[in-house]
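Engineer: here you go, sequence then predicted model.
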Number of protein chains: 2
Amino acid sequence: MTITILGSGNVATHLGEAFHKAGHQILQVYSRNKANANALASVLSAVAIDSLGEVTNQADLYLIAVPDQAIQGVAERLPSAIKGVVVHCSGATHSAILGHFPHYGVLYPVQSLRKNIPTSLDKVPFGIEGNDLVSTDLLTQLMQPLTLQSFLCSSEQRLALHIAAVFANNFSNVLFQIAFDVLQEQNLSFDLLKPIVLETAQNVQKKSPKEVQTGPAIRGDIETIKKHLQFLTKNPNWLKIYQQLTQEITRNKS
Amino acid sequence: MTITILGSGNVATHLGEAFHKAGHQILQVYSRNKANANALASVLSAVAIDSLGEVTNQADLYLIAVPDQAIQGVAERLPSAIKGVVVHCSGATHSAILGHFPHYGVLYPVQSLRKNIPTSLDKVPFGIEGNDLVSTDLLTQLMQPLTLQSFLCSSEQRLALHIAAVFANNFSNVLFQIAFDVLQEQNLSFDLLKPIVLETAQNVQKKSPKEVQTGPAIRGDIETIKKHLQFLTKNPNWLKIYQQLTQEITRNKS
C-alpha cells in the first residue's frame, strides 16, 4: 500500500513506523515545519514536504495525524483529485469533516501514543470507521496484521469512547495528582501509593469496576467519610471532588 | 512473639497468616462469630474464642483487625492487665482510641487486602505508629522481615494517607465505572479501555502524575471539551464530575 502521512507528531510517528515496518511504502511526510518532516521522512524512507500543494494524488491512503483543530484546514487543502482513502486519527472529530473525498474514514488509537515512548501497537485497540466498503476494507486490511484489537465504530461510538478514555485515563491521573499533593503536605511520598495504584488498574482487567469497588463510600462508612471531609475543608476543590465521587459510588450502590 | 488476633476478616487473615509463617505464635483468634474464629484459628494453630472475656493478658501483641466502628468496643472490653502492645489497623482512626493501654499503636496496610485474594505482603507499605519506643520497636521488628516497605507515621499523616488512597483507588475505580457505563450505552466493551487503564497506572510508577497528564484539559482543547460536555448533558452527575476534574487539571496547569 502507498501512504502519505500528514503530520509528524506522536500518532504520525507511531503509525508511520508501524506501516513502514509492515512493508507499506510511505511516499511523503508532510509537516509545516520542514525539519520535523525531514526527521520522520528519513526514518520512513519517504519524501519530506512542507507544502500541502506538493501532496501526491496517487497514494492509496492519506493519514491526517495533526491536532484536532488543524484537521479541517489540512483536509481542505489536499489535492481535489485524490481517489485514495483519507483518514484522520481523532477521537472527538466526526468523520464527515472529510466528506468531500470519495473515500474517507477514521483510524483512532485508544491509547496515548507519545513519540519518544515505544509502544507495541499490537496491544492498542484501534477504532476504524469508513464511509463505504472500499474505506473499511482498506483500513481493516491495513490494521489486521498490526493489531488484533481493531474494531469498527461509528463517529458517535468513537466520541463516547473518547469521553470514556478521558474518565479512565486523564481524570484518574488527576486524582493521582491530588493524592500526590495530599501526601506531600504531610511529608509523605507518593511511592507509598504506587502499589495500590497498580492494583486498582489490575483489578478491573478481570472483573468489572462495580465488582471491585472498595472504600468508605461503598461500605456506607459515614464516620470515616466525615473525618475525610473535615480534613479536606481547607481545599474546597478537593472537597467538592470528594463529595461528588462519593455520591457517585453511593448512587451506583442503590 | 506471642500474638492474639481480634477479628477474622481480611486484614486479620492476611496478617495472621504472615505472622504465623514468620514463626510467631498465634495464641488466640477472637470473633463474635465462633465459626469464623474457628476457621482462621485452625489455619494458625491458635485457640478460637468468641468472648472478649477469654482474651489472655499474656500476649506480646494484640492485633485489633475489626471494622473501624467496632475498634473502640473491642478495646474497652480487653483485659485491663494487658502489658503487651495493642494495635489497630485502621487508616482513619486516631491511635489515642487505644490510649488506656500502656503500649499501643497502629499497623496500617496501604492496600485493600481481601481474604480470598493472595497478596504478597512484601509489596504492601505498612504505616507504623507507636505511643513509645517499646511499641514502635516491637512493631518495626515484627514488620521488617515481612516487608521492606514499613514506615513510621503519625495519626495525622495516616489520615492523609488514607484520604490519598481513597482518591487514588476508590475514586479512580468509580471513574472506571463511569467509563464502563458510557461505553455500554454505545454497545462498546470496557475491554477497549483495559490497556489504557494499565498504562495510566504504569505511567505514575516512574514519573509524577503532573508530568504524565494528557487529554483535552491539559492541552486547553476547548472545542473537544465542548463536544464532551454536550454528550454528557443527559447525565448531570457525570457532567458535574467532568467539569470538576477538568477544572482541577486546568488549575494545576497554571
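Structural biologist: Great, that's in hand.

Engineer: where's the spatially closest residue to residue A:185 that is not a sequence neighbour, which helix or strand?
Structural biologist: Spatial nearest neighbour of residue A:185, chain neighbours left out: residue B:160 (6.9 Å); criterion: C-beta to C-beta, 6 or more residues apart in numbering or on different chains. Where C-beta positions appear, they are placed from N, C-alpha and C, glycine not excepted. Using DSSP states H and E, residue B:160 maps to helix B:155-165.

Engineer: related to what we said a few turns ago, pretty sure the residue nearest to residue A:185 sits against residue A:183.
Structural biologist: Yes. If you go by C-beta atoms under 8 Å, residue B:160 and residue A:183 touch, sitting 6.4 Å apart.

Engineer: that older thread, for the helix holding residue B:160, buried residues please.
Structural biologist: For helix B:155-165, burial by neighbour count (16 or more other C-beta atoms under 10 Å in any protein chain shown) applies to B:155, B:157-165.

Engineer: distance of residue A:234 from chain B?
Structural biologist: 12 Å (C-beta to the nearest C-beta, to the nearest Å).

Engineer: cool, and residue A:228?
Structural biologist: 5 Å.

Engineer: that residue: which element?
Structural biologist: With DSSP H and E as the criterion, the answer for residue A:228 is helix A:222-232.

Engineer: could you list the low-pLDDT ranges of the stretch 151-254 of chain A?
Structural biologist: A:254 (pLDDT under 70).

Engineer: neighbouring contacts of the helix holding residue B:160?
Structural biologist: The list of residues contacting helix B:155-165 from outside it, by C-beta atoms under 8 Å, 6 or more residues apart in numbering or on different chains, reads A:178-180, A:182-183, A:185-188, A:192-193, A:196, A:224, A:227-228, A:231-232, A:242, B:91-92, B:94-96, B:106, B:108, B:110, B:127, B:129, B:153.

Engineer: ok so residue A:28 is a strand residue?
Structural biologist: Yes. Judged by DSSP: H, G, I helix; E, B strand; the rest coil, residue A:28 forms part of a strand.

Engineer: narrow the contacts of helix B:155-165 to those in strands?
Structural biologist: B:106, B:108, B:127, B:129 (DSSP state E).

Engineer: show me which of those neighbour chain A.
Structural biologist: residue B:127 (C-beta under 8 Å from any C-beta of the partner chain).

Engineer: can you tell me which of the ones in strands among the contacts of helix B:155-165 are buried?
Structural biologist: Looking at the ones in strands among the contacts of helix B:155-165 with 16+ other C-beta under 10 Å, the buried ones turn out to be B:106, B:108, B:127, B:129.

Engineer: can those residues go into TSV with extra columns for pLDDT?
Structural biologist: Below are these laid out as TSV (pLDDT from 0 to 100):
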residue	pLDDT
B:106	98
B:108	97
B:127	96
B:129	97
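
Engineer: out of the residues you listed, which one sits closest to residue A:203?
Structural biologist: Closest approach to residue A:203 among those (C-beta to C-beta): residue B:108, at 20.2 Å.

Engineer: for the closest one, give me its contacts.
Structural biologist: Neighbours of residue B:108 in contact, by C-beta under 8 Å, 6+ apart: B:89-91, B:126-129, B:153, B:158, B:161-162.

Engineer: let's see 7 Å
Structural biologist: B:89-91, B:126-127, B:158 (C-beta atoms under 7 Å, 6 or more residues apart in numbering or on different chains).

Engineer: looking at those, which two lie furthest apart in space?
Structural biologist: Once C-beta to C-beta is applied, the contacts of residue B:108 give B:90 and B:126 as the farthest pair, at 12.9 Å.

Engineer: wait, does the longest helix seen in chain A contact chain B?
Structural biologist: The longest helix of chain A (DSSP state H) is helix A:236-253. Yes. Shown here: helix A:236-253 in contact with chain B (C-beta under 7 Å from any C-beta of the partner chain) through A:237, A:240-241, A:244-245, A:248-249, A:251-252.

Engineer: ok, the residue in chain A sticking out farthest from the centre - contacts?
Structural biologist: Here chain A reaches farthest from its C-alpha mean at residue A:223, the gap being 39.8 Å by C-alpha atoms, centre = their mean. Residue A:223 sits next to B:68-69 when contact means C-beta under 7 Å, 6+ apart.
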